[in-house]
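In: Quick one, what's the 3D model for this:
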Amino acid sequence: MWEHRAVSQKQFKESGRVSPTETYVQLMDKVEDAVKEAQKMPFDHEEFLSYVPTKGPWELIHETDQTKGDPRTRYIGPGVPKLLNTNLVLGSTWIESERFKFERRISNISDYLKQKTVVNANMWTPKQLVTTQTFFFCSTGDEERLGGSLLTGETLSDNHPLLGTGGYEDGTPEWEPILWGLGHRGVVPDSDPQDKVYYPSLMHRGVAFNNRFGWIRYSPAGFGKDASGYLMTKPTTWITPAVDGNRDTATAFNLLVNLPDRRISFGEEGITDVYLTTGKTSLYTMMGMMSSSTVRQMFGAGSEMVPLEFHCIEPGLDEWIKNATDEDKFARLFEVTGTLGYLLTDPQIGTLGGAAKRRRLLIYPHDQGNLLTCSNASQVADHALKSNYSATVFTKLDQADFMNRVTRRYKAYADLVTASDLAKGARWISQADVDGTKKIGPNVHSILAVRGYDVLNLDEYMETFNDVSAAPERLIRRVVQSVATNALKTLFPLDMLGESGGAQPFSHIFAPTNGADQALVYYTDIRFLVPTSIDKLRMITGARGADRGRMREAFANMTGADPMTGLSINDLCLPFLADMGENSWQTGTGLNEDEIIVEVTMAVNPAVVWKNLLEPTTEEVFDLPKGKKGTAANVWGDVLIHNEPLHEKLTKDGQGHYLDLLKLAYHWSHNKTVDKHGI
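Out: Residues are numbered from 1 along each chain as shown. Coordinates of the predicted model:
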């Protein structure tokens, strides 16, 4: 059993040893004290401005009727310093070392967390300052990047990625620990099950005047995979006990969940973003969380627009089918179908998040350069939209009208997909013949979307406002041809995504003329994330609003989709975001002042996605061990599908819905192959 106790930084400092003697309740008091301490200091914006060079977005500009001179007064937002949201990162592969080589300015987890903090603290106004809190749940093998775990009696080395001195001359670490949580290492060869292991929860130094920033890593060292890639550790041994806690049997996770009232303690809505992979670590952790009512309270209400987002990274469908062995290939196809289906249809996930109960599952391409930087900036843009509309007065509509339009459009395309009072909604796997009875797939409750990024320089971006130049058309072509294709290849085979001949080369994706074909993409959202101030941008464009008519026309010409219902273009300023160089407080945001991120998000049709994932499993027939012919479903699934004791255990562990999806996928594929090849 994964036992949990914990010890505070205060006690660690006094004794120099990590010894788990405090009770949970005492510990909660210590956490709350540390948090209160961090919030005592009022945010001194006069002093804060001395950290920041007076150039770029921070420049004092000539005051006019529309622009304000002082950079502090250009943005108006409510509130006081607060934690705006909590991010969960499940399955460390979301940010494995592979990921870092595509990032220009992030080389390890510490950089990534610092960037997240700095980028969010950039949402500063004289009245508000926000940071995020991040949790990692991961399998092992990432000690180096995630800061590892610390055994009893170990002292910290100066080069620890998070708690080391980080090259500061005063020898102070970059992160301040407020808490050490204690957990079991798991049983692995050569390890003592009595070893005590600690996970730090941290605050960042100096970025937002010690505004609290939690970072917790859960994972016993013994948690790993066997040679064939299957998890050796069952979720019941550590994941469920690590996340499924209540007041009486507290888990380490409870420390930051179980505070009497999250809004009073943290001033935040709860978890708004979950970063995960389609691997089992992510899935089991999610399932463990869904079974804990305490943890479920943590998934907060969010905003009207998108209450909760799940972010997945996947390689292109064709890429990994081509590169994987048969068994692995089919196992992954069935697993990905099951996992995406679980996130889109599980009744418990369907009740997370408040507001209009619309959730979104976003899928990013694996080889997306600068993904971490872009997704951090994108999160800031979401907050800018939610809490500070003047971050985007780049439209002729006022805020209420803009919000109405977005909500209306969102509901319209959501009704195509998700079940509601008005709409039947799409199914994930239409139906399959399971053991002689016809089973119908579950209804989808979340919107499935893919997202890709591109980076422009300021000149290219400015040109897109020019009605005479060809830049708007050029940019839309680039967005549809490369960014959209790269994002869509995660869920659709490449041969579906190429250009067709004719006047509208992409109409087969966005608006098929043949009545029988279904559109792959319902709705496209393009956002330009600009690291400068609104006033400065207005000054350069010489306009108060930006009519994106030329882009809409170009989009209609290429795709055949109605740009009023199928396309939304937004220009968002990321207040003060640019990286201002060596000695500024903002070093490490990863964005240059003249770099504009283009974010393209497409809501896709789930009814086509599951078919694309399962169709490759119906193409070949295999020789089975006992001389029979069989399908990919037999090669991969016989062991699982006919194993009654296993089914009972899965159901008992709260994985029944996932098991049903796997059965549906298996039988759909099996039935289809039998019909197709007559075996």
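
In: only C-alpha atoms for contact and neighbour calcs from this point on.
Out: Fine.

In: Check what contacts the lengthiest helix in the chain and list those residues.
Out: With secondary structure taken from DSSP state H, the chain has its longest helix at helix 656-677. Residues outside helix 656-677 that contact it (C-alpha atoms under 8 Å, 6 or more residues apart in numbering) are 334-335, 337-339, 341-342, 346, 429, 431-434, 439, 441, 614-615, 617-621, 631-634, 637, 641, 647, 650-651.

In: Quick one: mean pLDDT for it?
Out: Over the span of helix 656-677, the pLDDT mean works out to 92.

In: Same question for it: list its buried residues.
Out: For helix 656-677, the neighbour count (16 or more other C-alpha atoms under 10 Å) marks 656-673 as buried.

In: One more: stretch 461-481?
Out: 461, 463-465, 471-473, 475-477, 479-481.

In: what is the mean pLDDT for it?
Out: For stretch 461-481, mean pLDDT rounds to 90.

In: Grab the two from the buried residues of stretch 461-481 that are most spread out in space.
Out: Phe465 and Gln481 (20.8 Å; C-alpha to C-alpha).

In: possible to save the buried residues of stretch 461-481 as JSON lines with distance to Ser446 and secondary structure?
Out: Output for the buried residues of stretch 461-481, formatted as JSON lines (distance: C-alpha to C-alpha, whole Å; DSSP: H, G, I helix; E, B strand; the rest coil):
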{"residue": "Tyr461", "distance to Ser446": "33", "secondary structure": "helix"}
{"residue": "Glu463", "distance to Ser446": "37", "secondary structure": "helix"}
{"residue": "Thr464", "distance to Ser446": "34", "secondary structure": "coil"}
{"residue": "Phe465", "distance to Ser446": "35", "secondary structure": "coil"}
{"residue": "Ala471", "distance to Ser446": "35", "secondary structure": "helix"}
{"residue": "Pro472", "distance to Ser446": "32", "secondary structure": "helix"}
{"residue": "Glu473", "distance to Ser446": "32", "secondary structure": "helix"}
{"residue": "Leu475", "distance to Ser446": "30", "secondary structure": "helix"}
{"residue": "Ile476", "distance to Ser446": "28", "secondary structure": "helix"}
{"residue": "Arg477", "distance to Ser446": "29", "secondary structure": "helix"}
{"residue": "Val479", "distance to Ser446": "25", "secondary structure": "helix"}
{"residue": "Val480", "distance to Ser446": "24", "secondary structure": "helix"}
{"residue": "Gln481", "distance to Ser446": "27", "secondary structure": "helix"}
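
In: would JSON lines of these with distance to Gly206 be doable?
Out: Shown next, in JSON lines, are the buried residues of stretch 461-481 (distance: C-alpha to C-alpha, whole Å):
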{"residue": "Tyr461", "distance to Gly206": "34"}
{"residue": "Glu463", "distance to Gly206": "39"}
{"residue": "Thr464", "distance to Gly206": "39"}
{"residue": "Phe465", "distance to Gly206": "39"}
{"residue": "Ala471", "distance to Gly206": "42"}
{"residue": "Pro472", "distance to Gly206": "42"}
{"residue": "Glu473", "distance to Gly206": "45"}
{"residue": "Leu475", "distance to Gly206": "40"}
{"residue": "Ile476", "distance to Gly206": "41"}
{"residue": "Arg477", "distance to Gly206": "44"}
{"residue": "Val479", "distance to Gly206": "39"}
{"residue": "Val480", "distance to Gly206": "42"}
{"residue": "Gln481", "distance to Gly206": "43"}
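
In: now, which of the contacts of helix 656-677 lie within strands?
Out: Gln431, Ala432, Asp433, Val434, Lys439 (DSSP state E).
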